[in-house]
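Visitor: the following comprises the amino acid sequence and a computationally predicted model.
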Amino acid sequence: MGKGAVTGTGTGADADTATGTARATARTTAAATATATDTATPPAVTSRSAGARAGIRFDEVTVAYGGTVVLDTFDLTVEPGEVMALLGPSGSGKTTALRAVAGFVRPASGRVWLGDRDVTDLPPHRRGVGMVVQQYALFPHMRVADNVAFGLKAQKVPRGEIAGRVAEALEMTGMSAYAQRYPRALSGGQQQRVAIARALAIRPDVLLLDEPLSALDAQLRSGMLAELARLHRELPDVSILYVTHDQVEALTLADRIAVMDRARLQDVGTPQRLYREPRCAFTASFVGSANLLPVTGGPGSTVLFGDVPLEIAGGAQAAGPGLSDGHTATLCVRPHLVSLDGPGAPQGPNTLRGTVTGLQWRGATHRVTADVGGHEVTAEVRELRTPPALGDEVTLSFAAEDGVLIHG
Ligand SMILES: Nc1ncnc2c1ncn2[C@@H]1O[C@H](COP(=O)(O)OP(=O)(O)OP(=O)(O)O)[C@@H](O)[C@H]1O
């Protein structure tokens, strides 16, 4: 880097996928059907509950496998017609929560409600839910139309009504032209549309989606995300619980996000609230990427990061009482809100000097990490013409209103 040459500002493109891995195994199949490979299983077909729109309520639900608690006193309400994303790392209990709603796992304690019905003791086929899992789980020996009709037949919908309902569901998912094909003659994205059509055909009150896009490539996934958003606009009464470990999916689709970690609900709120005002470090780093700086109370309205005073909106009081007595808090600053300059940049407020320890070119952006007094601080800035090199000195800065204090 030419000294002083590097200058970048925030990009607004802070949407990294945080930790979490794609599932390696297929899940139990849809509540609306038996498994694709187990046709002897009695069809777990749901029937739409009569009347009102149904939300979902977990009331202190605990699930344990062999003495290990994998969902711990889980409390969450999904309002009727709301899209709630369950976001969390692998093994945090997301799928277990979904399966408790579908009726595939029985809570050790607590109750599950769909609307005003306590469904905890009901079998899956009497809950009124449709479920789509990541591996589609279509019946390979059935044509698309028969796959979609399967749940309706098992639900004993009158024969004369079935063709119309199948056509409607295929139309909704853009699959009308493929009604007579077998699943093996469909792409992954098309198979997932059929799985969604099958779940919708039973006109569920509640749609459970378990990483429905994770088997698709990035481009298809983004198209399907838009499709799911459109479907929800067409079916505004259907409540959706959407399991994902992909924050982009959650931020794009959800009205609210429930963040899970180690079997527990960590936070719940609108995507904007979780992103802009995270209440815990876990949420801050899982919903978007974050610089998390340990700070103590400083003079006046500042906090101290090491011995560097930092201005934050609301001052040190924003962290509550005690910070000035030497207690620590965490200051969250999003990388795309950090500006990057060369070492000769003027020392304004909230300016940190550091040495570059990491550099990633991401096409439209550069992500530059610097060591600042033993802590890593990352700036994500618009692509630089002359990026710094490892070991270069840089200046990082951010606006007072872009720092959010997190207690504890
Ligand atoms: N049938 C089972 N028997 C024993 N343990 C299980 C069973 N199903 C899940 N678990 C365990 O429960 C925990 C939570 O699993 P769950 O599938 O709910 O997590 P998840 O958040 O959906 O993870 P992922 O994103 O990897 O799918 C994990 O530790 C998992 O190993």
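Guide: Yep, it's here.
Visitor: going forward, measure contacts between C-alpha atoms and count neighbours the same way
Guide: Will do.
Visitor: tell me how many other residues crowd residue 121.
Guide: Other residues near residue 121 come to 12 when the count uses other CA atoms under 10 Å.
Visitor: so which helix or strand takes in it?
Guide: Per DSSP states H and E: residue 121 is located in neither a helix nor a strand.
Visitor: measure it to residue 73 for me?
Guide: Residue 121 is 18 Å from residue 73, where distance means CA to CA, to the nearest Å.
Visitor: for residue 223, same thing?
Guide: According to CA to CA, residue 223 and residue 73 sit 36 Å apart.
Visitor: can you check residue 336 too?
Guide: 36 Å.
Visitor: and those two? which has more neighbours close in?
Guide: residue 336 (24 against 20).
Visitor: which residues does residue 369 contact?
Guide: Counting by CA atoms under 8 Å, 6 or more residues apart in numbering, residue 369 touches 356, 357, 358, 359, 376, 377, 378, 379.
Visitor: wait, doesn't the second one sit right on residue 374?
Guide: No - in this structure, residue 357 sits apart from residue 374 without contact. The criterion is CA atoms under 8 Å, and the distance is 11.1 Å.
Visitor: okay, the two: which has more neighbours?
Guide: More crowded of residue 357 and residue 374, by other CA under 10 Å: residue 357, with 18 against 9.
Visitor: secondary structure of residue 81: a strand, I assume?
Guide: No - with DSSP: H, G, I helix; E, B strand; the rest coil as the criterion, residue 81 is assigned coil and is not in a strand.
Visitor: that one touches residue 241, doesn't it?
Guide: No - with contact defined as CA under 8 Å, residue 81 does not reach residue 241; the gap is 10.2 Å.
Visitor: and those two? which has more neighbours close in?
Guide: Between residue 81 and residue 241, counting by other CA under 10 Å, residue 241 is the more crowded of the two (26 against 21).
Visitor: ok, now how distant is the closest residue to residue 143 other than its chain neighbours from residue 142?
Guide: The shortest distance from residue 143 to any residue other than its chain neighbours is 4.4 Å, reached at residue 182 (CA to CA, 6 or more residues apart in numbering). For residue 182, the distance to residue 142 equals 6 Å [CA to CA].
Visitor: comparing those two, which shows the higher neighbour count?
Guide: More crowded of residue 182 and residue 142, by other CA under 10 Å: residue 182, with 19 against 16.
Visitor: contact partners for that one?
Guide: 140, 141, 142, 143, 144.
Visitor: dump the contacts of residue 369 into JSON lines; add pLDDT and distance to the ligand as well.
Guide: Converted to JSON lines, the contacts of residue 369 look like this (pLDDT from 0 to 100; distance: CA to the nearest ligand atom, whole Å):
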{"residue": "356", "pLDDT": "97", "distance to the ligand": "34"}
{"residue": "357", "pLDDT": "97", "distance to the ligand": "31"}
{"residue": "358", "pLDDT": "97", "distance to the ligand": "29"}
{"residue": "359", "pLDDT": "97", "distance to the ligand": "29"}
{"residue": "376", "pLDDT": "96", "distance to the ligand": "28"}
{"residue": "377", "pLDDT": "97", "distance to the ligand": "28"}
{"residue": "378", "pLDDT": "97", "distance to the ligand": "27"}
{"residue": "379", "pLDDT": "97", "distance to the ligand": "29"}
